[in-house]
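Colleague: This is a predicted model, with the sequence first.
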Amino acid sequence: MFPLFHFSTEKTTSLQQQLREQIAAAIINGNIPQDSPLPSSRKLAKQLSIARNTVVLAYEHLLDDGYLIARERSGYFVNPDILSRQLEMPQQSCQKEAGSAPDWAHKFKINPSLQHNITKPKDWQKYPYPFIYGQIDTTLFPSNNWRECCRDAVSVPAIRDWASDRFDADDPLLIEQIRTRLLPRRGVWASADQILVTVGAQQALYMLARLLLDKDSTIGIEDPGYVDIRNIATMNPALVRALPVDEQGLIIDEGLNGCDAVFTTPSHQCPTTVTMPLERRYALLEKASEQDFLIIEDDYECESNFKSNPIPALKSLDTNDRVLYVGSLSKTLAPGLRLGYLVGPAELIREARALRRLILRHPAANNQRSVALFLERGYHDALIMNIAKAYEERWQEMGEALNEYLPSSSLQPSFGGSCYWVKGPEGLDSRLLRKEAADRGILIEPGDIHFLEQPVPLNYFRLGYSSIPANKIRPGIKALVELIEDMI
């Protein structure tokens with residue numbers, strides 16, 4: 001049986017782990033006799049052409065996990081208790097079972113999979129010119145510092161602290177770091193009972209929609225705007241109203257009248273990247289008070305700015321508790337970590353906490369502690385500085401390349417961020433451009449998905465620079481523009 005074991009060099013797991021997994025699978029499948037000893041570590045290592053220590057460690061792990069038992073002077077054997085816990089499946093009958101399978105098309109009350117969502121190639125790293133948005137450059141990530149925090153988060157004292165059931169509570173150290181280190185950067189001051197940790201900004205938005213919207217509600221969303229809030233709102237369901245934006249962000253006019261909530265990205269409008277000036281922010285707050293609507297502020301790229309004194313968050317100007325602030329560490333630390341936070345009045349946070357408890361109680365406590373340590377030790381501050389420096393260089397490089405090869409196609413993001421919003425020539429279909437560009441190793445994101453009002457313009461697209469080296473930006477833009485010229 002053991003010669004059938006094989007190891008893959010493409011897997012990221014070690015040979016020891018692969019061996020352990022394959023032996024465990026063979027035991028569960030009944031492929032290893034219970035009354036026969038497993039080969040000695042020396043014999044199996046020679047048989048598989050691997051180090052003997054690899055086999056020894058694999059056996060020891062399997063012993064600790066209960067797959068094997070050790071008999072003195074006899075070796076390792078399959079633990080019969082492992083197999084006794086296996087469910088014995090009844091013999092399949094040749095007779096066809098009566099009845100029929102469910103008609104799933106009629107069972108589902110909602111169909112999220114049918115919504116129009118942004119999709120990204122899973123193998124985007126393999127493309128020479130990945131102008132993809134929302135991904136990090138792993139060369140900027142402080143792996144050693146993060147590993148240190150993760151290791152300390154699973155020390156014996158730390159585990160004793162967070163391993164018990166917290167019910168609906170968050171890590172107090174993380175809350176303190178958000179309260180004293182992250183929020184003050186944006187001029188926001190909050191007490192601990194006004195902050196809730198979420199599984200990314202996405203969960204915060206979903207919970208706000210569940211708490212604040214129903215079929216009789218109207219939510220105003222920037223047009224063009226963030227796709228996921230539109231999809232979240234329509235699932236509740238609520239009436240979605242398109243609110244136009246200009247070169248200063250969301251337009252404040254009578255279009256906001258009658259809204260129950262307004263979603264906005266004032267610091268770095270999604271997807272156009274424009275920044276709402278201070279005067280318009282005050283106008284929006286005044287309008288919210290006059291029309292009695294709530295404002296959901298998504299400050300999604302607040303940490304990646306190139307200005308020494310950026311405009312403070314809308315939440316920092318709010319004196320009437322009308323702004324619900326959503327933040328995230330996805331654009332700086334890592335999108336895969338899925339850690340965000342919601343800031344609002346204590347009574348709203350209390351209801352959001354109760355709702356979150358029904359969904360997942362709280363984000364994983366060990367992850368919360370790791371992030372808290374990363375923040376507390378200043379590693380996140382250093383990471384932000386490195387990101388800002390790298391992004392500013394790429395921002396400048398992309399701006400110059402677009403001005404040279406596709407003049408007047410875009411505005412330079414003034415706040416910072418990690419992408420450009422580009423208006424292509426009239427007659428360009430960015431959906432087709434995406435396909436043709438991918439064939440040439442260039443990844444872009446069509447912009448049509450961000451628009452609500454019909455007819456949807458097809459000549460807009462987004463170019464991210466967070467995950468592409470600076471020296472590849474100019475040749476990538478040049479190749480993309482040459483393709484555009486061939487298409488129109």
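Modeller: Right, received. Where do you want to start? Numbering: from 1, shown residues only.
Colleague: use CA for all of it now, contacts and neighbours both
Modeller: OK.
Colleague: what bits of the protein have low per-residue confidence?
Modeller: Scanning the chain for pLDDT under 70 picks out 1-4, 9-11, 85-97, 307-308.
Colleague: Break it down into its structural domains.
Modeller: 2-84, 119-134+382-487, 141-377 (automatic domain parsing).
Colleague: What's the end-to-end length of the last one?
Modeller: The first and final residues of domain 141-377 sit 15 Å from each other (Cα to Cα, to the nearest Å).
Colleague: tell me the residue furthest from the middle of this protein?
Modeller: Distance from the C-alpha centroid of the chain, by Cα atoms, centre = their mean, peaks at residue 73 (52.5 Å).
Colleague: need the strands for the stretch 1-150 of the chain, in chain order.
Modeller: For the stretch 1-150 of the chain, the strands defined by DSSP state E, counting those that start in this stretch occupy 68-71, 75-78, 129-130.
Colleague: just to revisit the earlier point, with residue 102 as the reference, name the closest of the domains of the chain.
Modeller: When those are compared for distance to residue 102 using Cα to Cα, the nearest one is domain 141-377, at 23.3 Å.
Colleague: Could you give the separation of the closest one from the chain centroid?
Modeller: Averaged C-alpha coordinates place domain 141-377 at 13 Å from its chain's average position (Cα atoms, centre = their mean, to the nearest Å).
Colleague: Next, give phi and psi for residue 79.
Modeller: phi -80, psi 110 (degrees, to the nearest 10).
Colleague: Now it: closest residue in space that isn't a chain neighbour?
Modeller: Nearest residue to residue 79 in three dimensions, chain neighbours excluded: residue 68, at 4.7 Å (Cα to Cα, 6 or more residues apart in numbering).
Colleague: my guess is the one you found contacts residue 62, does it?
Modeller: Yes. If you go by Cα atoms under 8 Å, residue 68 and residue 62 touch, sitting 5.8 Å apart.
Colleague: sorry, back to before: return the distance of the residue farthest from the centre of the chain relative to residue 53.
Modeller: Noted for residue 73: a distance of 19 Å to residue 53, by Cα to Cα.
Colleague: circling back to that earlier point, show me which of the strands of the stretch 1-150 of the chain has the highest average neighbour count.
Modeller: Among those, ranked by average contacts under mean count of other Cα atoms under 10 Å, first place goes to strand 129-130 (a mean of 26).
Colleague: contacting residues around the closest residue to residue 58 other than its chain neighbours?
Modeller: Spatially, and ignoring its direct neighbours in sequence, residue 58 is nearest to residue 20 (5.1 Å; Cα to Cα, 6+ apart). Neighbouring residues of residue 20 by Cα atoms under 8 Å, 6 or more residues apart in numbering: 58, 59, 61, 62.
Colleague: Which member of the residues you listed is positioned nearest residue 319?
Modeller: Within those, proximity to residue 319 (Cα to Cα) peaks at residue 61, which comes in at 58.1 Å.
Colleague: Can you get me the start-to-end distance on stretch 410-428?
Modeller: 15 Å.
Colleague: which parts of that stretch are buried?
Modeller: For stretch 410-428, a neighbour-count test (16 or more other Cα atoms under 10 Å) marks 410-413, 415-424, 428 as buried.
Colleague: and the closest residue to residue 320 other than its chain neighbours, what element?
Modeller: Residue nearest to residue 320 in three dimensions, not counting chain neighbours: residue 289, with 7.9 Å by Cα to Cα, 6+ apart. Using DSSP states H and E, residue 289 sits in helix 278-291.
Colleague: I'd like the next helix or strand past that helix.
Modeller: Using DSSP H and E, the helix or strand that directly follows helix 278-291 along the chain is strand 294-298.
Colleague: ok, back up a step: can you tell me what sits against the helix holding residue 289?
Modeller: By Cα under 8 Å, 6+ apart, the surrounding residues in contact with helix 278-291 are 252, 256-259, 266, 294-295, 311, 314, 317-318, 320, 322.
Colleague: rerun at 7 Å
Modeller: Residues from elsewhere that reach helix 278-291, judged by Cα atoms under 7 Å, 6 or more residues apart in numbering: 252, 257, 258, 294, 314, 318.
Colleague: what's the closest of the residues you listed to residue 376?
Modeller: residue 314 (25.7 Å).
Colleague: so what's the closest one closest to, chain neighbours aside?
Modeller: Counting by Cα to Cα, 6+ apart, residue 314 lies nearest to residue 281, which is 6.5 Å off, once chain neighbours are set aside.
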